[in-house]
Every structure is written in C-alpha cells, then in structure tokens.
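>>> predicted model follows, preceded by the sequence.
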Amino acid sequence: MPVEADKPLGDQYFVRERIATFNFFIRNMADREGISLAGVHSMFLGSGDAVTGSTVDGVHLTADSYIWWNKAIKNAVTNKLCPG
C-alpha cells in the first residue's frame, strides 16, 4: 500500500522507493508462481502518495478505506473465479 504524506507513519517514516521495490518483487514472485494479485495499491495511489484522507496515520486505512479495499478484493476474487 502507498503511504500518505504528512502523517506520522506516512512518508516521514516509510520510503516510497522501498515500497515500490517490495511491490515489484511481490508481483514478479506471483507471476512466477502463477498467483493472481488484486492490485489495490493503485486504487489508493494519489500523486505519489496514498490518497489524502485514506489513512488514519499515514499507513493504516480509515474505516471507509477498508470498506473500499474489501470491495476491491471481493471483485478481484469474483472476476478471477467467474471471468466475463
């Protein structure tokens, strides 16, 4: 997940480049193993950081964001199990 700017555990604590590196390795590993991923990172990505207001502290999602995240996961699973 992206981190939110100007919050205690956001971009002042975590390094965006390291998050991008971890995501790169996770995607490559999933591709190699034939595992599908639900790409929720981009859903929460604003202009380089998490969408403003999507987290409570820069990392942990708000209740509304968790609802949005949950729907995205359900849609990804549903579409994978029942494509088209």
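Perfect, I can see it now. Residues are numbered from 1 along each chain as shown.

>>> residues contacting G10?
Applying Cβ atoms under 8 Å, 6 or more residues apart in numbering to G10 gives the contacts 3-4, 49-50, 55, 57-59. For every residue, glycine as well, the C-beta is placed using N, CA and C.

>>> apply 10 Å and report the result again.
Each residue near G10 by Cβ atoms under 10 Å, 6 or more residues apart in numbering is listed here: 2-4, 16, 49-50, 55, 57-59.

>>> pull the most distant pair out of the residues you listed.
The most widely separated members of those are R16 and D57, with 16.6 Å between them, by Cβ to Cβ.

>>> okay, and which of the contacts of G10 map to helices?
Secondary structure defined by DSSP state H assigns R16 of these to helices.

>>> can I get the helix or strand of the chain with the lowest mean pLDDT as PDB, trimmed to CA atoms?
Within the chain, no helix or strand scores below helix 63-81, which has a mean of 84 by mean pLDDT, DSSP states H and E. Output for helix 63-81, consisting of C-alpha atoms alone and laid out as PDB, is shown next (Å, rounded to 0.1, in the frame of the first residue of the first chain):
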ATOM      1  CA  ALA A  63     -12.900   2.600   8.100                       C
ATOM      2  CA  ASP A  64     -14.200   3.900   4.800                       C
ATOM      3  CA  SER A  65     -11.000   2.900   3.000                       C
ATOM      4  CA  TYR A  66     -11.200  -0.600   4.400                       C
ATOM      5  CA  ILE A  67     -14.700  -0.900   3.000                       C
ATOM      6  CA  TRP A  68     -13.400   0.200  -0.400                       C
ATOM      7  CA  TRP A  69     -10.400  -2.200  -0.100                       C
ATOM      8  CA  ASN A  70     -12.700  -5.100   0.800                       C
ATOM      9  CA  LYS A  71     -14.900  -4.500  -2.200                       C
ATOM     10  CA  ALA A  72     -11.900  -4.400  -4.500                       C
ATOM     11  CA  ILE A  73     -10.600  -7.700  -3.100                       C
ATOM     12  CA  LYS A  74     -14.100  -9.300  -3.500                       C
ATOM     13  CA  ASN A  75     -14.400  -8.000  -7.100                       C
ATOM     14  CA  ALA A  76     -10.900  -9.400  -7.900                       C
ATOM     15  CA  VAL A  77     -11.700 -12.800  -6.500                       C
ATOM     16  CA  THR A  78     -15.100 -12.900  -8.200                       C
ATOM     17  CA  ASN A  79     -13.700 -11.900 -11.500                       C
ATOM     18  CA  LYS A  80     -11.000 -14.500 -11.300                       C
ATOM     19  CA  LEU A  81     -13.400 -17.300 -10.300                       C
END
